[in-house]
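In: The sequence and its predicted three-dimensional model are supplied below.
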Amino acid sequence: MRIASLVPSATEMLFELGLGEQVVGVTHECDWPAHAASLPQLTRSVIPPGLSAVEIDRVVRETVGRGAPLYELDRERLELLSPDLIVTQAVCEVCAVSFDDVVAVAATLPSRPRVISLDPLALGEVLADITRLGEATEAHAEAAALHEGALARLDAVRSATSNAPRPRVLALEWLDPPFVGGHWVPEMIEIAGGLDPFAKAGQRSRTATWDELVAGQIDIALVMPCGYGTDGSVREAKACRPQIESLGARRVVAFDASAYFSRPGPRLVTGVELLAHVLHPDRAERPAEFTAAVRDLDAAAPSRV
């Protein structure tokens with residue numbers, strides 16, 4: 001089977017299922033595993049490079065507002081690759097090529113590929129997509145093993161943090177303007193032993209005001225801007241340092257959001273483990289990825305607890 005993946009989380013999932021050799025094309029953002037970055041790229045972003053967070057937000061709003069796409073699909077290259085299956089998503093209009101555009105293009109390709117869309121809003125739906133993708137690619141045993149392994153790891157974190165005091169935490173999915181992390185992130189926080197007063201599992205991310213966030217009286221601010229790696233998250237946290245310090249949190253922690261929080265793939269489980277060690281280092285083991293994925297920044301405000 002020849003597979004084109006038009007969303008990074010699907011690419012990660014396909015490689016985890018042992019189907020890497022069948023992946024013939026990916027997006028310009030697919031960077032894990034490393035080999036994926038060397039495959040033919042089928043998309044490009046219309047957002048100019050080098051913009052600040054507030055500039056990116058402005059361009060996204062203006063582009064979406066006039067009904068224009070944020071990503072372009074290379075139809076000619078896709079046709080040359082002759083895929084049997086195209087994996088995409090429709091859950092986020094600013095994260096990938098338009099689902100409707102993909103379906104329209106697929107209908108014109110000589111290979112007549114099947115199109116499946118992975119659109120999870122909660123962590124359980126992310127894991128269910130492993131099974132869906134396994135069925136679509138006939139990787140049934142591999143999908144079952146990956147799914148069961150993920151559940152076992154999540155259960156281990158739940159058990160470790162079940163009776164621990166729950167700090168109040170805020171997940172910042174964007175900082176200028178501030179966005180409260182939604183979708184699967186609130187559930188990740190709950191499993192890791194935290195309390196998110198701003199969002200519920202399955203609800204979409206939303207904008208907020210700094211005044212609203214101050215009123216939440218949080219203990220820990222989690223900086224995880226969508227699509228940013230660890231260094232980028234630290235840079236964004238420093239750029240908005242006064243606003244973050246106004247929250248009164250005793251800790252500010254930046255993460256590799258792109259790898260462990262933004263993409264609804266298998267590495268979300270590692271994200272839960274990273275969170276658990278941040279929130280309860282005496283109860284949750286330190287993941288091997290911790291040093292590269294997490295930066296604990298000093299916060300000016302004293303602890304409330």
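Out: That came through fine.
In: mind checking pLDDT for the residue nearest to Arg283 when sequence neighbours are not counted?
Out: Among residues not flanking Arg283 along the chain, Ala160 sits closest, at 4.7 Å (Cβ to Cβ, 6 or more residues apart in numbering). Placement of C-beta: from N, CA and C, glycine included. Per-residue pLDDT puts Ala160 at 97.
In: again, but for Pro69
Out: Reading off the model, Pro69 has pLDDT 63.
In: returning to what we had before: give me the element the residue nearest to Arg283 is part of.
Out: helix 140-161 (DSSP states H and E).
In: Helices of the protein, start to end?
Out: Using DSSP state H, the helices found in the chain span residues 8-16, 53-65, 75-81, 99-106, 123-137, 140-161, 185-191, 210-215, 230-239, 241-245, 257, 268-279, 290-293.
In: could I get those helices as a markdown table with distance to Val46 and mean neighbour count?
Out: Shown next, in a markdown table, are the helices of the chain (distance: least, Cβ to Cβ, whole Å; neighbours: other Cβ atoms under 10 Å):
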| stretch | distance to Val46 | mean neighbour count |
| --- | --- | --- |
| helix 8-16 | 17 | 25 |
| helix 53-65 | 7 | 14 |
| helix 75-81 | 16 | 15 |
| helix 99-106 | 13 | 17 |
| helix 123-137 | 27 | 20 |
| helix 140-161 | 34 | 16 |
| helix 185-191 | 27 | 24 |
| helix 210-215 | 30 | 14 |
| helix 230-239 | 20 | 18 |
| helix 241-245 | 29 | 16 |
| helix 257 | 22 | 29 |
| helix 268-279 | 28 | 25 |
| helix 290-293 | 29 | 14 |
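In: List the contacts of Ala276.
Out: Residues counted as contacts of Ala276 (Cβ atoms under 8 Å, 6 or more residues apart in numbering) are 157, 160-161, 191-193, 283-284.
In: out of the helices of the chain, nearest to Arg2?
Out: Nearest to Arg2 among these is helix 75-81 (6.8 Å), distances taken as Cβ to Cβ.
In: Tell me which other helices or strands the closest one touches.
Out: Here helix 75-81 touches strand 23-25, going by 3 or more Cβ pairs under 8 Å, 6 or more residues apart in numbering; DSSP states H and E.
In: partners of the strand it packs on, with directions?
Out: Paired neighbours of strand 23-25 in the sheet (DSSP bridges): strand 3-5 (parallel).
In: quick one: average confidence on the strand it pairs with?
Out: Mean pLDDT, strand 3-5: 98.
In: Lovely, talk soon.
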